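*Asks:* What follows is a protein structure lacking sequence information:
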């Protein structure tokens, strides 16, 4: 059974801090790893990672995949109150009709105080 | 929003009643998914569809059934709702290698 574990489960920081969110996985047939941000509504897509060591970057957010360690990190620099959200990590399966099926971690709740 | 709508957006029902949630998409995507989200569990896959009349179970399919008679609609049915099915339900479509989510339905079973 595919498994995705995120840490920490919750994190409280102050504006301007840098945070690192972790995601580790056990998947029988890995295709890709995705990060989503969820505020008080549906998850919105941030990044998709397929290759080890290649950083994806969008503004103050960046992410990298380590396929040897079966893990990924999501970094947020110079945090703002608008970064407060649940950050979800998911791993996509590559096999047959399960192709693209996502297994999600529990999520990390990030709270950024002014 | 990838052209996904869900209905109803909120529903309160009683234990033992049947409930059907609808997911509608306008962009002809082949793959559609139903998830539930509960505190501490992230999103968990209930059922998914890889084409008209082609569906399969996810990790938490007990107590749920689905149907897809046309590309644009994917229905999730709770045959006899229980309090443990109180949750937020999200529909998603797959576009290339990424899934995009609908706005969600908050279901409360009393």
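*Replies:* Noted; the coordinates are in hand. These figures come from a predicted structure and were not determined experimentally.
*Asks:* Count the residues that sit near residue A:27.
*Replies:* 18 (other Cβ atoms under 10 Å in any protein chain shown). C-beta here means a position set from N, CA and C on the backbone, and glycine is covered the same way.
*Asks:* any idea which helix or strand carries the residue nearest to residue B:10 when sequence neighbours are not counted?
*Replies:* Residue nearest to residue B:10 in three dimensions, not counting chain neighbours: residue B:106, with 5.0 Å by Cβ to Cβ, 6 or more residues apart in numbering or on different chains. Secondary structure from DSSP states H and E places residue B:106 in strand B:105-109.
*Asks:* Next to chain A in this structure, residues from chain B, please.
*Replies:* Applying Cβ under 8 Å from any Cβ of the partner chain, we find that chain B lies next to chain A at B:31, B:33, B:35, B:40-45, B:48, B:50, B:54, B:56, B:58-59, B:90, B:94, B:97-104.
*Asks:* Surely residue B:62 is within a helix?
*Replies:* No: under the criterion used here (DSSP: H, G, I helix; E, B strand; the rest coil), residue B:62 is coil, not part of a helix.
*Asks:* And the pLDDT for the residue most central in space within chain B?
*Replies:* Of all residues in chain B, the one closest to the mean position by Cα atoms, centre = their mean is residue B:34, 3.2 Å from it. Turning to residue B:34, the model gives it a pLDDT of 97.
*Asks:* Then the one 10 residues further on?
*Replies:* Confidence at residue B:44, expressed as pLDDT, is 95.
*Asks:* contacting residues around the closest residue to it other than its chain neighbours?
*Replies:* In this structure, residue B:44 finds its nearest non-sequential neighbour in residue B:60, 4.8 Å apart by Cβ to Cβ, 6+ apart. Residues near residue B:60 by Cβ atoms under 8 Å, 6 or more residues apart in numbering or on different chains: B:36, B:44, B:45, B:46.
*Asks:* let's see it at 10 Å
*Replies:* Neighbouring residues of residue B:60 by Cβ atoms under 10 Å, 6 or more residues apart in numbering or on different chains: B:34, B:35, B:36, B:38, B:41, B:44, B:45, B:46, B:47, B:85, B:87.
*Asks:* The last one contacts residue B:35, doesn't it?
*Replies:* Yes: with contact defined as Cβ atoms under 10 Å, residue B:87 counts as touching residue B:35 (9.4 Å).
*Asks:* These two: who's more crowded?
*Replies:* A count of neighbours by other Cβ under 10 Å puts residue B:35 above the other of residue B:87 and residue B:35, at 28 against 21.
*Asks:* just to revisit the earlier point, look up phi and psi at the residue nearest to residue B:44.
*Replies:* phi -130, psi 50 (degrees, to the nearest 10).
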